[in-house]
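>>> Pasting the sequence and the predicted coordinates here, then a few questions.
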Amino acid sequence: MSISSDLKACRPTTPRSSSKPEVCAITSSNPPAFIAQKLQPHTQDSWRQAAKMSLQAVGTKDGAASLEWLSHHSAQGHFADADPMGEAELNLWNMGLTRDDLRKLCAWLQSRKFQAPIKLVLSANDFSNGCAEELAELLKDPSCVIALDLSRCELAKQDIALLCTALRENTGLQKLLLSYNHFQGCGAAIGELLKANKTLQSLGLQGSQEGGLMQMECHCICSIAKALEENSSLQALDLGINVINFEGAVAIASMLKSNKTLIDLNLRFSTLDRGFRTLCKALKSNTTLERLNLSGQALDDKRQAALASLLKANRSLRHLDVSNGIGAKDTTCSAPFYEALSSNITLRSLKITIRSRQVVGALATLLRNPKSHLESIDLRGPRLDAEAVDILTKAVQNNQTLITFHAGHAKPEALSPIHVVTARNKELRERLHDKAGDALIDLLQEQCKAGTVPYLPRDLRHAFAKAFKDMDDMPTVLALLEATAHPAMPG
């Protein structure tokens, strides 16, 4: 029997409806009677048992309705309502799913075209026994699946190739996680996917520390990088723990010179060799990448110098992770890196390993800089001593942007003065959003009286407050607030 005929046999016999009342009923706080008894007590284990039972009964009205209800409720021990018209998520992690289970899942997904988009978690299920065709069927258009997690599923090269072929024509999936599968030889298939697909925004290809088949080779990285020179949709790419080497780093560097959509690149614990400096050089002129993870890279003097040049020249990078790097081979912080870090005014978050007092000094100088945009610091490495904590505490007192400070090995009571400041800044930020919205309203009211603005919508104040609350750039909020309070004179 073909997969298509199998799916038809599994489909619910009752007609589907896209009406809002039915969706609201499905996502109400009370579970359907079919699974209510299985959710006593409401624990993650009982939720998983109910999900498995509902999946096996998908060919019935009760099974389909129960699966829909579960997709709108958390599996973490409490079952709060989700937005009935928003995204749903069905977590089938590590449930020992079979080919028959996947067929039923496909049938259910294809029967709910007009329901809310869904995120599907299938990680840690063993799909090594010929499940690739059923997985590809999940991605067959029209599909309501917008995110799919297939991490740790024992997928082989041919399985990943089949999925990539199915995804070339897919127009719904936005996020795909394939991490910790057997990647060797998959570069060409993934590259062709990235050339053809126009909607995929996030792709996870993280390898495993086990190496071998669980890591991607250099030539595969080159194929993916080459394809991204043509791709115009992917925004996030995770290539962590893979064998990139110099040749792969050169290909990524070349891609970063032409690609205008990638904003998040994760290369944590990947082998870069001499390619580290090549990558930093390419990023000096890149204007789109905002998040870069280089954790696990041993930073000797030459690499620190390359990183320093990047921090001085780049104006788009907002989030940088170089933890588990500084001090891996050398315990000192080079003068160029110290200077570049202490004077940087573009970073929003920084994750770094502390193994020298020079890094502490650079961070203190950065925190005292009134032009700094830094909002989050995550310090790794040995426990901060009393002198280092005192230096950072004094530096942060007049800072107005830092709202998160984490030092994993420091005593909580030692960091309490810093946390007082970050709590103050967070409260200030929340009040500034409202004040900025109010200031804009006041300005518009003056213009309304003068006849420049004909009328003022009743909910405009709330709309402005929400708009400012969504902004992640505090200096820009302050600048807008000041400009609103003191608008420039015409002419």
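That came in fine, so what should we check first? Residues are numbered from 1 along each chain as shown.

>>> So Ala335 versus Ala305, what's the distance?
9 Å (Cβ to Cβ, to the nearest Å). For every residue, glycine as well, the C-beta is placed using N, CA and C.

>>> Then Ala249?
Ala249 is 17 Å from Ala305, where distance means Cβ to Cβ.

>>> These two - which one has more neighbours?
Neighbour count, other Cβ atoms under 10 Å: between Ala249 and Ala305, Ala249 has more, with 27 against 18.

>>> Quick one: classify Leu237 as helix, strand or coil.
Counting by DSSP: H, G, I helix; E, B strand; the rest coil, the backbone at Leu237 sits in strand.

>>> ok, now which ones touch it?
By Cβ atoms under 8 Å, 6 or more residues apart in numbering, Leu237 lies in contact with Ser202, Leu203, Leu205, Ile224, Leu228, Leu262, Asp264, Leu265, Asn266.

>>> Correct me if wrong: Trp69 contacts Phe34.
No - when contacts are counted by Cβ atoms under 8 Å, Trp69 is not listed as touching Phe34 (9.2 Å).

>>> between those two, who's got more neighbours?
Each of Trp69 and Phe34 has its neighbours counted (other Cβ under 10 Å); Trp69 has more, 24 against 20.

>>> Secondary structure of that one: a helix, I assume?
Yes - if the criterion is three-state DSSP, then Trp69 is within a helix.

>>> and it, how far is that from Asn94?
21 Å.

>>> Check Arg277 too.
41 Å.

>>> got the residue ranges for the helices in the stretch 201-350 of the chain?
Along the stretch 201-350 of the chain, counting by DSSP state H, counting those that start in this stretch, helices occupy 218-228, 245-258, 275-283, 301-313, 335-342.

>>> Can you add distance to Pro370 and give those helices back as TSV?
Putting the helices of the stretch 201-350 of the chain into TSV (distance: least, Cβ to Cβ, whole Å) gives the following:
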stretch	distance to Pro370
helix 218-228	38
helix 245-258	31
helix 275-283	26
helix 301-313	19
helix 335-342	13
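
>>> hmm, back to that, more neighbours: Arg277 and Asn94, which one.
Ranked by neighbour count (other Cβ under 10 Å), Arg277 and Asn94 place Arg277 first, with 20 against 14.

>>> if I look at the more buried one, how far off is Asp149?
34 Å.

>>> swap in Leu347?
Distance from Leu347 to Asp149, by Cβ to Cβ: 30 Å.

>>> Equivalent analysis for Ala305, please.
In terms of Cβ to Cβ, Ala305 sits 39 Å off from Asp149.

>>> for Lys226, same thing?
On the measure of Cβ to Cβ, Lys226 and Asp149 end up 26 Å apart.

>>> between these two, who's got more neighbours?
Asp149 (22 against 17).

>>> Surely that one and Tyr180 touch.
No - counting by Cβ under 8 Å, Asp149 stays clear of Tyr180, with 10.9 Å between them.

>>> Give me the neighbour count for Ser143.
With other Cβ under 10 Å as criterion, Ser143 counts 22.

>>> typo on my end, Ala36
Ala36 has 13 nearby residues by other Cβ under 10 Å.

>>> How about Leu294?
Using other Cβ under 10 Å, Leu294 has 26 other residues around it.

>>> okay, it: pLDDT?
For Leu294, the model assigns a pLDDT of 96.

>>> Touching, it and Asn324? I think so.
No - with contacts counted by Cβ under 8 Å, Leu294 stays clear of Asn324, the gap being 9.7 Å.

>>> Would you quantify the distance from Lys61 to Gly296?
51 Å.

>>> which of those two has more neighbours?
Using other Cβ under 10 Å as the criterion, Lys61 and Gly296 rank with Gly296 on top: 19 against 13.

>>> which residues touch that one?
Applying Cβ under 8 Å, 6+ apart, the residues near Gly296 are Arg268, Phe269, Ser270, Ser323, Asn324, Gly325.

>>> Could you identify which of those residues has the most neighbours?
Counting by other Cβ under 10 Å, top hit in the contacts of Gly296: Ser270 with 28 neighbours.

>>> With that, I have no additional questions.
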